[in-house]
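Colleague: Would you be able to build a 3D model of this:
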Amino acid sequence: MSLSEPFIRRPVGTTLLAIGLFLVGLVAYQNLPVASVPNVDFPMIRVSASRPGADPAVMAATVAAPLERRLGEIAGIDQITSTSSLGSTSIQLQFAIGRNIDKAARDVQAAINASLADLPTDLPSLPNFRKANSAAAPVFILALTSKTLSPSAIYDVADTVIAQRLAQVPGVGEVTVSGADQPAVRIQLNPVLLANAGIATDDVRTAIINANALGPVGTFDGGRQAETISINPQMRTAAQFRNIVIKSSTGNFVRLSDVATIIDATRSSRSIAWFNKQPAVLLQITKQGDANASSTPSTASRR
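Modeller: This is a model prediction of the structure:
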C-alpha cells in the first residue's frame with residue numbers, strides 16, 4: 001500500500017484536507033514573527049548635546065566629560081559609549097537587561113540636571129536624551145525636496161511638524177532628520193580688518209550678544225489696565241546684523257558689516273543630502289523593537 005493510495009481513493013476528503021491546510025497556513029502566515037531570532041530589547045538611552053563651533057577635543061573635554069561623570073553614577077549601567085564631533089556630542093548608555101527604561105530615564109534626567117553646573121554657559125540648549133535601540137536600523141527613508149523652498153526652510157518644517165507627527169505613529173520608535181539644518185545667520189570675521197580697527201573677537205561677540213538681549217524691563221500700572229514691558233530685539237536676518245555697532249570713537253562708528261561678511265545660511269554648513277539631483281531633507285524612520293518591519297512604513301506613509 002502506497003502513501004498516496006488513500007488520497008487517490010478519497011478525492012473529496014483529499015480536497016477538504018488541502019483546503020484546511022491552506023486555511024491553517026494562511027492564519028499562521030499572519031502571525032509569523034518579525035525576525036527569526038529572539039527579540040531582546042536592551043534598555044538604552046542616548047544623550048545629545050551641542051556647542052556650535054567647538055572642535056571634537058573641546059567637546060570631549062568641556063561637554064562629554066562632565067556628563068559622563070554624572071551619568072556614570074547611575075546604578076545599573078553596563079556600558080557608556082561617547083562620540084564627540086564638530087559641535088556635537090552623543091553619549092549612549094546601555095543598562096542591564098531587566099532595568100526599567102522609564103526609571104532609567106528619570107535617573108538620566110537627574111544626572112543631566114546635576115551636571116549643568118559643570119557644563120559651559122554658552123550652550124544653545126540643554127542636553128537632551130531619548131530612548132534608543134542599538135539593533136534597530138531605519139526601515140523607511142523619506143526624501144523631501146522643493147523647487148521653491150530652501151533646504152533650511154524644508155528642514156525647519158520637517159523637524160518641527162512632520163517628524164513630530166510621524167513619531168506618534170504606532171510602531172515608530174524614532175524619526176531622525178538630516179540633510180540640512182535650521183536657518184541661521186553666519187558671520188565671517190575678517191582678521192585683517194579687525195586688527196586695523198583694533199577690535200578683538202570678544203568685542204564682536206559681546207556686541208552681538210548685547211544687540212540680541214532678551215529680558216524684562218518692568219510694567220506700566222494704571223487704574224484699569226497694566227502693561228508689561230520687555231526687551232526683545234531678536235535679529236533673524238543678515239541685514240539686521242550688518243548695522244550692529246562694534247566700536248565708536250570720536251564720532252566714528254565701526255559696524256559689523258565693516259569687519260565681517262554676514263550671510264543668511266544654516267547652523268551647520270556640512271550637512272547636505274541629494275535626491276534626484278535636487279537638495280533634499282531626509283527623514284529616517286526607525287521602528288520599535290516589537291513592531292512589524294513591513295507594516296510600520298505603510299502606516300507612517302498613510303499618516
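Colleague: Buried ones in stretch 63-76, by neighbour count?
Modeller: 63-68, 70-71, 74, 76 (16 or more other Cβ atoms under 10 Å). C-beta coordinates here come from the backbone N, C-alpha and C atoms, glycine included.
Colleague: From those, pick the one nearest S257.
Modeller: Proximity of those to S257, judged by Cβ to Cβ, is greatest for V63, which lies at 32.4 Å.
Colleague: is it true that the closest one lies in a helix?
Modeller: Yes. Assigned with DSSP: H, G, I helix; E, B strand; the rest coil, V63 falls within a helix.
Colleague: what pLDDT does it get?
Modeller: On the pLDDT scale, V63 is placed at 92.
Colleague: Quick one: the helices in this structure, in order.
Modeller: For the chain, applying DSSP state H gives helices covering 5-9, 11-30, 56-59, 65-71, 101-115, 151-157, 163-166, 191-197, 201-211, 238-241, 256-259, 295-302.
Colleague: other SSEs contacting the first one?
Modeller: Okay, so that is helix 5-9. The contact analysis (3 or more Cβ pairs under 8 Å, 6 or more residues apart in numbering; DSSP states H and E) places helix 5-9 against helix 11-30.
Colleague: Show me what the mean pLDDT comes to for the helix it packs on.
Modeller: Rounded mean pLDDT across helix 11-30 is 87.
Colleague: how far away is L93 from D107?
Modeller: Distance of L93 to D107, given as Cβ to Cβ, to the nearest Å: 10 Å.
Colleague: Verify the stated contact: L194 with T201.
Modeller: Yes. L194 lies in contact with T201 (Cβ atoms under 8 Å); the separation is 7.0 Å.
Colleague: So which bits of stretch 195-206 are buried?
Modeller: Under 16+ other Cβ under 10 Å, the buried positions of stretch 195-206 are 197, 199, 203-204.
Colleague: Ok, stretch 265-274 next?
Modeller: Buried-residue list, stretch 265-274, by 16+ other Cβ under 10 Å: 265-268, 273.
Colleague: Can you get me the start-to-end distance on it?
Modeller: The straight-line separation of the ends of stretch 265-274 (Cα to Cα, to the nearest Å) is 18 Å.
Colleague: which residues touch that stretch?
Modeller: Around stretch 265-274, the neighbours that count as contacts under Cβ atoms under 8 Å, 6 or more residues apart in numbering are 52, 86-87, 143, 151-152, 155, 178-186, 279-282.
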